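Trainee: Structure of the sequence below:
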Amino acid sequence: MSALTLTGVRKRFGDHDVLRGVDLVIEPHEVVVLIGASGSGKSTLLRTINLIERVDDGQIFLGGTDITDPGINPDRVRSRIGVVFQHFNLFPHLRVIDNITLAARRVHRQRPAAARARALELLETLGLAQKAREFPDRLSGGQQQRVAIVRAILTDPELLLLDEITSALDPQLVGEVLDLVRDLKRRGSTILMATHEMAFAREVADRIVFMHEGRILEQGTPEQVFDAPVHPETAAFLEREGRSRGA
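Mentor: Okay, the predicted model is just below:
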């Protein structure tokens, strides 16, 4: 069974069609990277999968569950998905350890001691164990983003959604966050992520999906999409990205 299946997904805001019939299938343990210009629909697509935005048409299946069914419980769906956005969204009044374990304790009903032990184990692997009792404003941006990722993966979600997780970071902090994503790939996580880091996308993705004006225009292996794009829109986007980053 596929980890995620989208069929004919459409989303409109006012008179603007943001998603215009998106079909996508993601297999378990696959890393799929969304690329495309700002406004192409990448973030909206991720938000519909996490039910932050309801689709206007089409279906989304998480495993075998139709999560676009009007009778679905959104909180139960979200408990199966880990999400990290470009802004860290850590609770400023909670210490790092409490930020990380909150959902595990409140939503997944894990025993506090077990959730804490697992959180400390993950923080230790990232060299952040000494920050467990700190408040978020005492951490660098890269550290906060890594804490946000630990929070998302603590409960072993079926699917991990990462939305431009490096765009709010200073360039020197990007590498440490991307190293964590590399590690998640090695661990076999199922990941759908949007990024403007083309070199990283080439390295980590099993499949690249290029979105253009609310549609998936092209998809394939990194070699296929980056080295031999079929559509002129894909080639033009990659050329612009290369120029903007001095490639």
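Trainee: which residues are contacting the biggest helix by length in the chain?
Mentor: Under DSSP state H, the helix in the chain containing the largest number of residues is helix 171-186. Outside helix 171-186, the residues within contact range by C-beta atoms under 8 Å, 6 or more residues apart in numbering are 31, 126, 140-142, 145-146, 149, 153, 160, 162, 165-166, 169, 191, 193, 197, 200, 203-204. Every residue, glycine included, has its C-beta placed from N, CA and C.
Trainee: Quick one: residues contacting the residue most central in space within the chain.
Mentor: When C-alpha atoms, centre = their mean is applied to the chain, the residue found nearest the centroid is L162 (1.5 Å). Going by C-beta under 8 Å, 6+ apart, L162 touches V84, I149, V181, I191, L192, M193, A194, T195.
Trainee: So for T44, what's the pLDDT?
Mentor: T44 is assigned 96 on the pLDDT scale.
Trainee: The closest residue in space to it that isn't next to it in sequence sits in which helix or strand?
Mentor: Closest residue to T44 apart from its sequence neighbours, by C-beta to C-beta, 6 or more residues apart in numbering: V18 at 4.8 Å. Using DSSP states H and E, V18 falls within strand 16-26.
Trainee: what angle separates the helix or strand containing V150 from helix 171-186?
Mentor: Under the criterion of DSSP H and E, V150 resides in helix 141-153. Angle of helix 141-153 versus helix 171-186, following axes from the mean of the first three to the mean of the last three C-alpha atoms, to 10 degrees, is 20 degrees.
Trainee: could I have the helix or strand just after helix 141-153 exported to PDB, CA atoms only?
Mentor: Per DSSP H and E, the first helix or strand lying C-terminal to helix 141-153 is strand 159-163. The C-alpha trace of strand 159-163 is given here as PDB (Å, rounded to 0.1, in the frame of the first residue of the first chain):
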ATOM      1  CA  LEU A 159       4.700  10.600   6.900                       C
ATOM      2  CA  LEU A 160       7.000  13.600   7.400                       C
ATOM      3  CA  LEU A 161       6.200  16.900   5.700                       C
ATOM      4  CA  LEU A 162       9.000  19.500   5.500                       C
ATOM      5  CA  ASP A 163       8.100  22.900   4.100                       C
END
